[in-house]
Structures are given as C-alpha cells and as structure tokens.
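Q: Pasting the sequence and the predicted model now:
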Amino acid sequence: MQRITILGATGSIGVNTLDVIARHPERFEVFALAANRDIDRLFEQCQRFKPRYAVLADAQAAATLRARMGELAGCPTQVLAGAQALIEVAGASEVDCVVAGIVGSAGLLPTLAAARGGKRILLANKEALVMAGALFLAEVKRNGATLVPVDSEHNAVYQCLPPQFGQRPLAELGVRRILLTASGGPFRCRPLEELHSVTPAQACAHPNWVMGRKISVDSATLMNKGLELIEACLLFDVEADRVEAVIHPQSIVHALVEYMDGSLLAQLGNPDMRTPLAHALATPERIVSGTRPLDLLSALRLEFEAPDHRRFPCLNLAYKAMQAGGSAPAILNAANEVAVGAFLQERLRFTDIPVVIEHTLEAVTAGVAADLDQLLAVDRDARRVAERAVADRAGRR
C-alpha cells in the first residue's frame, strides 16, 4: 500500500491521478491533497478519499473548507493552510509517493521537500527542474529519492529507454537523439497576421488535451515544449543538441528515442494523462488506467513536421536559455509566468508574450546560482523586469 500526497489535487494532474487511484484501492491510499483555492472540488475529493490532510495555499479558502469539513460526521481530514503546510505534507515521514502537480514556481519548495524526504516523486511540475535543475537533482541523489516523470513526453522517453538507464550515460547505451512531440496547439495553421488578436479563450482551447489555462497557453506558444526540452536534458543527462522537438498534430506518438543502430523507438497512446500517471504510479508493473485503448485503424495517419520558428518564437528563446545554462532557464520561466499571466488577464497581447520574455532574458544577468536563495533572488529580479515590460507593452496598445 503506497501512501500518496498529491500537490495540485484539483488540477488536471491531480484529478487524473485520483481517477487512477480510485481504480486500485488495494494499492494506493491518499495521505494528503493540496490545492490553491478550489474549495468545492477539494471538498468533494476529501469526502471520497478521506485523506489525513487537506491543504489550501489560500488561508481564507482553508477557513471556509475547514468549516464545511466540520459538518461531515466522522471525516478524518484536517485542513491546513499556506506554503509551509505544503512543504510538510510533501516531506511527511508517512508518505511514500508525492505527485508534484502544482503549476508554476509555487511547486518548487514542496517538491524540494519531497526530494529531501527521500520520496518517490511523480514529477509533473516543470518548474522544479527548469528553475532549479542542478540543485533539485542533487537533493534527489543525496537523499535517495526516486524521480519518475509524469509529463506524457518525458514518461514516453522513460518507457523507450533501456533498463540500464540511470546506471550508465545514454551515449554508452547507444542513444543518439531524443525527440519530443508537440501538437502545435490551436494556432498551428492560423495565419501569422491574426495571432496578435487571439483571446485567452482561444489560446486555452487545445485541440487534443484538456489542461489548465497556464499550460494551455504555453502549448499555444510552444513554450511548453521549450520547457520540456530543458527538462529532458536534466532528466536524462543529455546535451542540448541531442534533444529536439517535432510537431505531431495527432498527439498519438508522445516521444521517440533514436538509437545508433538506426532503430527509432516510440511510445504511442491516446492523449490521456491517466496513461503516464498509471505507469509512474506502478512501474515497473503495468496497471489499468481507465484510458481508452488506441485503435490504430481509426487513428488513420500520423503526421510529423518541423516547428515553424517564426510562428513559435518562444521555442527559440527556450533553446537560447538552455544553451546559456546557469540561471537562464529560471529567468526564462519567471518571465514566461508573468507574461502568460498578463495575457490571461488581458493586459498583454498573445504576440507580446515572447517579446516580454526576450527582453527579460537580455536585461537580467544569468549566472551560476550556487544555492536556493540566490536562485529565488534571480527569480524575483526577472519577475520585476518582466512586469515592467508588460506595463510598457500595455501602454502601447
């Protein structure tokens, strides 16, 4: 029986994780559920799964949930609030596995706590690696934690690698390249001159996946793939020139691994996050996920094309940050979070997102962040610069 803490329980990762868990009550027990401020959904989850703790980042929301929980007879759940509570439920000694599904930099500290606690970490939070890759991986190694990627692309790579991965470098195992697929999002075929007028609702209408608003916008700009490229270099310990992105509109092939003998191994499946989550929860075993099996005959065809870098300038910016190294990925991530947030609030045009990110990368010096405090200071500086850039672009509209 694995005791599990889910960070980001009310988001798409958390909801899908709980769906898989519900299918295997003999294997999994929910220890804690954590969310930002979605009281109604977290209340329903607590009623069904009866975790020991429920955590809300927002104190007022936690007070409301606490009052509602008090009306339930015999409910064992204790309601906590704040960032420190997130850290505590991630690192608690009773926990075996932590699902890191909080979007953005808010997920960094509790995910680090899970690493320091030696947990099995199902990593869906890109920012833990993009912001603090070397520091985070050092904590994983130092404390004997286990890291299993949950992003569909990275999990697919994980499935295509030989069993000796982690014991020897990939080059020694005959790996030539890693290819991460991207759907191209909702604007893959839209005329370039129309992109400046797209709305948040249009950007969040992903053709294949049901995701949160921030990650949906990242998919529309292809920054999501850029962050994943940085992540892949760290997760699989490969050089930047060995990882590439390829557009695959059907989202059936999630990643490919090319070997030196000419073989190309691919992981295929319907676009459903329950598949990588079930794999990550049970590996090396395979369990029922609830995902509809892939019917190759109805899939009709599989298309692949190179990314259009004029359409997706954010991908170039991610490559630039990846090659610069040091704190550049953290600067990239901070600027992107600010720019996407401003776009979702309708303070910034869609086409200005990469403008803000590029300005921030040029304005903030990227050095080597020796510790977490230095890294968080760089993150704060980048956010201030990005906010000023947003205000400047808004003033020109």
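A: Sure thing, it's come through.
Q: residue contacts, residue 301?
A: Residues near residue 301 by Cβ atoms under 8 Å, 6 or more residues apart in numbering: residue 250. In this view, the C-beta of every residue, glycine as well, is placed from N, C-alpha and C.
Q: Over to it. Which of the three states is it?
A: Look at residue 301: counting by DSSP: H, G, I helix; E, B strand; the rest coil, its state is coil.
Q: How much space separates it from residue 255?
A: 19 Å (Cβ to Cβ, to the nearest Å).
Q: and residue 371, how many neighbours?
A: Neighbourhood size, residue 371 [other Cβ atoms under 10 Å]: 10.
Q: measure the nearest residue to it once chain neighbours are set aside to residue 291 for me?
A: In this structure, residue 371 finds its nearest non-sequential neighbour in residue 135, 7.2 Å apart by Cβ to Cβ, 6 or more residues apart in numbering. Separation of residue 135 from residue 291 (Cβ to Cβ): 34 Å.
Q: count of residues packed around the closest residue to residue 222 other than its chain neighbours?
A: Computed as Cβ to Cβ, 6+ apart, the closest residue to residue 222 that is not its neighbour in sequence is residue 312, at 3.8 Å. For residue 312, the neighbour count with other Cβ under 10 Å is 25.
Q: how near is residue 312 to residue 338?
A: Per Cβ to Cβ, residue 312 is found 19 Å from residue 338.
Q: what kind of secondary structure is residue 178 in?
A: Quick answer, by three-state DSSP: residue 178 is strand.
Q: what are the ranges of the strands in this structure?
A: For the chain, the strands defined by DSSP state E occupy 2-7, 28-35, 53-56, 78-81, 97-100, 120-123, 146-149, 175-182, 243-247, 253-259, 264-268.
Q: So which of those is nearest residue 364?
A: Smallest distance to residue 364 across the strands of the chain (Cβ to Cβ): 24.5 Å, for strand 243-247.
Q: residues in contact with the closest one?
A: For strand 243-247, contacts defined as Cβ under 8 Å, 6+ apart pick out 177-184, 188, 222, 225-226, 228-229, 232-233, 304-307, 315.
Q: buried subset of those residues?
A: 177-184, 188, 222, 225-226, 228-229, 232-233, 307, 315 (16 or more other Cβ atoms under 10 Å).
Q: these two touch, right, residue 93 and residue 118?
A: No. Taking contacts as Cβ atoms under 8 Å, residue 93 lies outside contact range of residue 118: 9.8 Å.
Q: which one of the two has more residues nearby?
A: Shown here are residue 93 and residue 118; by other Cβ under 10 Å, residue 118 has more neighbours (17 against 6).
Q: ok, that one - contacts?
A: Here residue 118 is in contact with 143, 144, 145 (Cβ under 8 Å, 6+ apart).
Q: Against residue 91, how distant is it?
A: Separation of residue 118 from residue 91 (Cβ to Cβ) stands at 9 Å.
Q: remind me which residues of the stretch 151-300 of the chain are low pLDDT?
A: Scanning the stretch 151-300 of the chain for pLDDT under 70 picks out 209-210, 299.
Q: wait, the residue nearest to residue 371 sits on residue 373?
A: No. In this structure, residue 135 is not within contact of residue 373 by Cβ under 8 Å, at 10.7 Å.
Q: Which one of these two is surrounded by more residues?
A: The neighbour count for residue 135 versus residue 373, taken as other Cβ under 10 Å, is higher for residue 135 (20 against 9).
Q: Just the pLDDT for the more buried one.
A: Model confidence at residue 135, given as pLDDT, is 88.
Q: now residue 397
A: 63.
Q: what do you get for residue 82?
A: At residue 82, pLDDT is 93.
Q: For it, list the residues it contacts.
A: Taking Cβ under 8 Å, 6+ apart as the criterion, residue 82 is in contact with 57, 59, 62.
Q: Quick one, which of those are buried?
A: The neighbour count (16+ other Cβ under 10 Å) marks 57, 62 as buried among the contacts of residue 82.
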